[in-house]
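Chemist: Quick one, structure for this:
(chains A and B)
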Number of protein chains: 2
Amino acid sequence: MAEFDLINRYFKVGQTPQSVKLDKGDDCALVVPNFELTNASLAITTDTLNSGTHFLPDIHPHALAYRCLATNLSDLAAMGAKPKWFSLALSLPKALSDNQTWLAQFSEGLFELANEHHIHLIGGDTTSGPLSITINAMGEVDHQKAHKRSGAKAQDKIFVSGTLGDAAGALEILLKKTKAKTQNIQEALLARFNYPTARVELGTRLLGLASSAIDISDGLLADLQHILKASGVGACIDIAKLPCSEALLAQFSAAKAQQLAATGGDDYELCFTVPADNVNELNQLSQQLDLPLTCVGEISSDKSFVVNHNNKPTQLSQTGYQHFV
Amino acid sequence: MAEFDLINRYFKVGQTPQSVKLDKGDDCALVVPNFELTNASLAITTDTLNSGTHFLPDIHPHALAYRCLATNLSDLAAMGAKPKWFSLALSLPKALSDNQTWLAQFSEGLFELANEHHIHLIGGDTTSGPLSITINAMGEVDHQKAHKRSGAKAQDKIFVSGTLGDAAGALEILLKKTKAKTQNIQEALLARFNYPTARVELGTRLLGLASSAIDISDGLLADLQHILKASGVGACIDIAKLPCSEALLAQFSAAKAQQLAATGGDDYELCFTVPADNVNELNQLSQQLDLPLTCVGEISSDKSFVVNHNNKPTQLSQTGYQHFV
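Modeler: I've put the predicted structure just below:
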């Protein structure tokens, strides 16, 4: 299928918003930011998903597209930015660029999430090659209020959103390291892996409340350490406090579930720090959003990173993963 | 080599410009556009180069990085935008992510061109996978004056910058379809393929002069047809007028050189249309920039596309290439 036909059929979806002065199909897209925002700035992020590294080759195209956009939205959420526009660079082997069903499902997954967050596809590149998806997402945020990793202060409380470890639990099922005890457990965990929820509304509502934030893509322990390093502080957390889903606790022992919650990647929940004075307001926000926000520890002024279990020291065998290992 | 070490060593290069409020290393970069520009808008483009599709696997990493950024700068140039920021998504097989020489040369090629155009690397993603480079480049332009493909009008003159066909000639040498007659010819043609010149200054100087523009990546005949289609017009060009370099004419017959100039991709010269009233000013610009700007034809009101050779009709076997063919 020719590149231009493919783009016209599957990626020219939706109305052009007013902020877009020139949409897909020219050498560049032209967009006009909202200049009236206080301390207006653009938040820009890029994430790539490669077959075999970030997803299994047989992943459903609907989930693949959804997940790739979600990982980028999650970065905007961590910053507190409002999603606006994105570009898609899609490398496809010939078997897929000729597969109308695959393309239609990929397109559906992409625009299902894009429409939910009113983020508009402004362009990209479609090329021939091994399956790989790179999305560049842009949002708007007050650059004074945006949650930088460097903002954590001693005595700030450390919070996480939602539940942790579900995606890592799903991966154990997908890699056949374990067999799901029930169909319900399998569906619940796989849904969290394939369709992660980018915490976009939480991110924007945390502006002015949180002192720093990061999205959990490599595991809580690994990602929290990015905040600690950038902020020049330490932390003490208690893994017995980590919020785990019913499905995770039904599938695994409590100890295993906690380990997955502490070190498993791909959850795309937010980890953020909050001055003690803001904790009441945060609890109200949790109720308003109907989303658990759980305090799992506290920032310390020294640079040590203490991981306790019910207030007793523990040693975890793995502090997260990184690519190229 | 771990992802963070790799980024710190090879991609944290250069001073952070004032427009960048948060540089590489957080969930997003934060940038502030120049709001004082008349009709301020951001021009955004994305180009991917995949091994085996867009370059030969043994390409020198310095040239690979340079070329990938140049193809994106060329899109900004076509629009008339001033380059500002870019993101780099780099997928590397393990053999390359562990190869310090390769990485250092890639980094040098990238920043040689980035520094020349004062475009700042704000972030990206480094992943494990088959060699693939996606760059997302952003620039600033008055969205009323930007050169859209849809702006060509009947009687506008059709111009091209520089010389055409050199990259296609180089590819014939690289693919061993021909053997360079001299070392000088080989070096001249390969330099044009490996180190294309993005016509950034020409692009910005054409604002207010040109009615439409496109960069020549798929071949003049193919790319000009994008302008014709978007503008709802036709054209008559004469391939005997196409500007060819001394090296191309020394290597190939005149007929072959003209065919390469008409249909060869990867030159990254600009093709643009100019109202007849602006041709004098354009010729002055050509002298100021010391860059040939050659009239190769004229836009017509009907939708026919006539390709002549010395005013006589000709048939070219190939009107450009597209991926997935």
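Chemist: Return the distance of the lowest-mean-pLDDT helix or strand in chain A from the chain's centre.
Modeler: Among the helices and strands of chain A, helix A:3-10 carries the lowest confidence by mean pLDDT, DSSP states H and E, at a mean of 82. Centre-to-centre, helix A:3-10 and its host chain are 28 Å apart (CA atoms, centre = their mean, to the nearest Å).
Chemist: swap in stretch A:226-238?
Modeler: On CA atoms, centre = their mean, the centre of stretch A:226-238 falls 20 Å from the chain's centre.
Chemist: circling back: pLDDT of the following helix or strand past the least confident helix or strand of chain A, averaged?
Modeler: Of the helices and strands lying after helix A:3-10 in sequence (DSSP states H and E), the nearest is strand A:20-22. The average pLDDT for strand A:20-22 rounds to 94.
Chemist: Please apply the same query to stretch A:155-174.
Modeler: Stretch A:155-174 comes out at a mean pLDDT of 97.
Chemist: Name the residues of that stretch that are buried.
Modeler: Residues A:156-174 are the ones in stretch A:155-174 that count as buried (16 or more other CB atoms under 10 Å in any protein chain shown). Glycine gets a C-beta too; all of them are placed from N, C-alpha and C.
Chemist: Repeat that for stretch A:79-96.
Modeler: Those buried within stretch A:79-96 under the rule 16+ other CB under 10 Å are A:79-92.
Chemist: possible to save these as CSV with distance to B:Ala188, secondary structure and pLDDT?
Modeler: Output for the buried residues of stretch A:79-96, formatted as CSV (distance: CB to CB, whole Å; DSSP: H, G, I helix; E, B strand; the rest coil; pLDDT from 0 to 100):
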residue, distance to B:Ala188, secondary structure, pLDDT
A:Met79, 47, helix, 98
A:Gly80, 52, coil, 98
A:Ala81, 47, coil, 98
A:Lys82, 50, strand, 97
A:Pro83, 47, strand, 98
A:Lys84, 44, strand, 97
A:Trp85, 41, strand, 97
A:Phe86, 40, strand, 97
A:Ser87, 35, strand, 97
A:Leu88, 37, strand, 97
A:Ala89, 32, strand, 96
A:Leu90, 35, strand, 96
A:Ser91, 32, strand, 95
A:Leu92, 35, strand, 94
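Chemist: so how far is chain B from A:Thr127?
Modeler: 5 Å (CB to the nearest CB, to the nearest Å).
Chemist: Touching, that residue and A:Ser91? I think so.
Modeler: Yes. Contact between A:Thr127 and A:Ser91 holds when scored by CB atoms under 8 Å: they sit 4.9 Å apart.
Chemist: from the buried residues of stretch A:79-96, which two are the most distant?
Modeler: A:Gly80 and A:Leu92 (33.9 Å; CB to CB).
Chemist: shaky segments in chain A?
Modeler: Chain A contains residues with pLDDT under 70 at A:1, A:316-325.
Chemist: Once you drop chain neighbours, what's closest to A:Pro292?
Modeler: The shortest distance from A:Pro292 to any non-neighbouring residue, by CB to CB, 6 or more residues apart in numbering or on different chains, is to A:Pro243 (5.6 Å).
Chemist: residues contacting that neighbour?
Modeler: Contacts for A:Pro243 (CB atoms under 8 Å, 6 or more residues apart in numbering or on different chains) come out as A:160, A:162-164, A:261, A:292, A:294.
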